[in-house]
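**Student:** Give me a 3D structure for the following:
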Amino acid sequence: MENWDGAWEMADNVINSGRFELEKGSRFATYSQMIPEDNKETIFAVRRILDKDDNGYSRMGSMRIRIEGSGWEEMSPSSKYLELMELHLDANSMPKDLRSKFIVKRYVEDGVADYTPVGYPNKVYEDWTFAYAVKQSNTSNYEYKQIAVEKQADGTFLIASDASNFQSATIEEEPYNLGTRYYVKGKDGTKYIGRIEPEVFDASTKRGKSSLFLVYVINKCSYQEQSKHLWSPIISRLAEMYLIRAEANYEKGGSVQATLDDINMLRERAGIPIWTEVNMATAENGSKKDLHKIIEEERMLELAWEGHRRFDVFRWRQTMDRRYPGGHTITQGDKFYEILYNSPSVCEFIPQLQYDAYPYKLGQNP
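**Tutor:** Just a heads-up that it's a prediction; the model follows:
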């Protein structure tokens, strides 16, 4: 509500109350698998229990992942989210960020029958690709492309097949957010940002869906007590309090370092480099990184699939950018690729049945 003094005070009170603490390591990587009362970070969650709540197709997580024969796997993390998440890779070229554990990629080398709920991030894979999103020339749809690559002795990646459509046979790279961002350039100079990863199944081969998409799935809303799609939705947790205090401090004109300190609590927990006022100066491919953008991107990474992103974009009076592969492009085309914060489509209207059933006169949401 832009009451920054109140927001800072309330978040600070919760952080310093001693009642909650950040989960770390493997406990954080399996956050959604724990029951709320065993989770030290959860402040408020809607508790669902094994013997009463359905854990099958009717639950939210079933749209995001298939477990033990249950689930559609039709909603995926966006390419823009994956590009931001995977800037920091380990020696095996796998993402370092602990939050990447909430995403399971259906790798071809694991076989078409594999539907693990947790993925194989430490397995050694042989077939690697540069994956990127591109708009089709003859439709309104975006799709994924995969280019086979081979890792060289110097750590670079060389296109293993025909590279005649690109300016370089080597996957190019640039510094971004204290990590490395990979890209290729077409002959016409168009820059395509993407990621290095083992080959991933397309959705047609794996799930009988559209071949435009690759099968990236989300386990953050499933597998509580290792039971399919059982999950206790999180309303608030301690990590959000650090993000609220960071943003409120920024808006109040507080010190840059105090804002970074709260952001860095989550980055340290995730196992990726922390921000300083010095490294901010060159973090956007040599250009200065905006402090508010640091807050925005950290909220996007940390709070994904917890119901915040849409409200964040619109309360910041920004435009929702949906120019990436997904089911939203197939039926609606480019109608909702970019949604302005003041677009009529943003408004949540009171349903007519509820409006009619209420005994007193209601004013419809504007």
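**Student:** Give the full set of residues in contact with the closest residue to residue 220 other than its chain neighbours.
**Tutor:** Spatially, and ignoring its direct neighbours in sequence, residue 220 is nearest to residue 102 (4.2 Å; C-beta to C-beta, 6 or more residues apart in numbering). In this view, the C-beta of every residue, glycine as well, is placed from N, C-alpha and C. By C-beta atoms under 8 Å, 6 or more residues apart in numbering, residue 102 lies in contact with 29, 31, 32, 218, 219, 220, 304, 305.
**Student:** change it to 10 Å
**Tutor:** For residue 102, the contacting residues are 28-32, 64, 77, 85, 118-119, 217-221, 304-305, by C-beta atoms under 10 Å, 6 or more residues apart in numbering.
**Student:** Buried ones only from these, please, as a PyMOL command.
**Tutor:** In PyMOL, this line selects whichever of these come out buried by 16 or more other C-beta atoms under 10 Å:
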select buried, resi 28+29+30+31+32+64+77+85+119+217+218+219+220+221+304+305
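**Student:** all strands of the protein, in order?
**Tutor:** Taking DSSP state E as the criterion, the chain contains strands spanning 42-45, 103-105, 128-135, 142-151, 157-159, 172-176, 179-185, 191-198, 216-218, 234-237, 320-321, 338-339.
**Student:** Roughly how far does the residue lying closest to residue 260 once chain neighbours are set aside sit from residue 246?
**Tutor:** Nearest residue to residue 260, sequence neighbours excluded (C-beta to C-beta, 6+ apart): residue 275, at 4.7 Å. For residue 275, the distance to residue 246 (C-beta to C-beta, to the nearest Å) stands at 11 Å.
**Student:** count of residues packed around the nearest residue to residue 80 once chain neighbours are set aside?
**Tutor:** In space, and not counting its chain neighbours, residue 80 is closest to residue 324: 5.7 Å by C-beta to C-beta, 6+ apart. Per other C-beta atoms under 10 Å, the neighbour tally for residue 324 reads 22.
**Student:** From here on, call the first residue 287.
**Tutor:** New numbering, starting at 287: the last item is residue 610.
**Student:** ok so, going back, how about the strands of the chain in JSON lines, adding mean pLDDT?
**Tutor:** Shown next, in JSON lines, are those (pLDDT from 0 to 100):
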{"stretch": "strand 328-331", "mean pLDDT": "97"}
{"stretch": "strand 389-391", "mean pLDDT": "97"}
{"stretch": "strand 414-421", "mean pLDDT": "97"}
{"stretch": "strand 428-437", "mean pLDDT": "96"}
{"stretch": "strand 443-445", "mean pLDDT": "98"}
{"stretch": "strand 458-462", "mean pLDDT": "97"}
{"stretch": "strand 465-471", "mean pLDDT": "97"}
{"stretch": "strand 477-484", "mean pLDDT": "98"}
{"stretch": "strand 502-504", "mean pLDDT": "97"}
{"stretch": "strand 520-523", "mean pLDDT": "96"}
{"stretch": "strand 606-607", "mean pLDDT": "95"}
{"stretch": "strand 624-625", "mean pLDDT": "92"}
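**Student:** re earlier: my guess is the residue nearest to residue 546 contacts residue 550. True?
**Tutor:** Yes - taking C-beta atoms under 10 Å as the definition, residue 561 is a contact partner of residue 550 at 6.0 Å.
**Student:** Neighbour count: the two, which is higher?
**Tutor:** Neighbour count, other C-beta under 10 Å: between residue 561 and residue 550, residue 561 has more, with 22 against 19.
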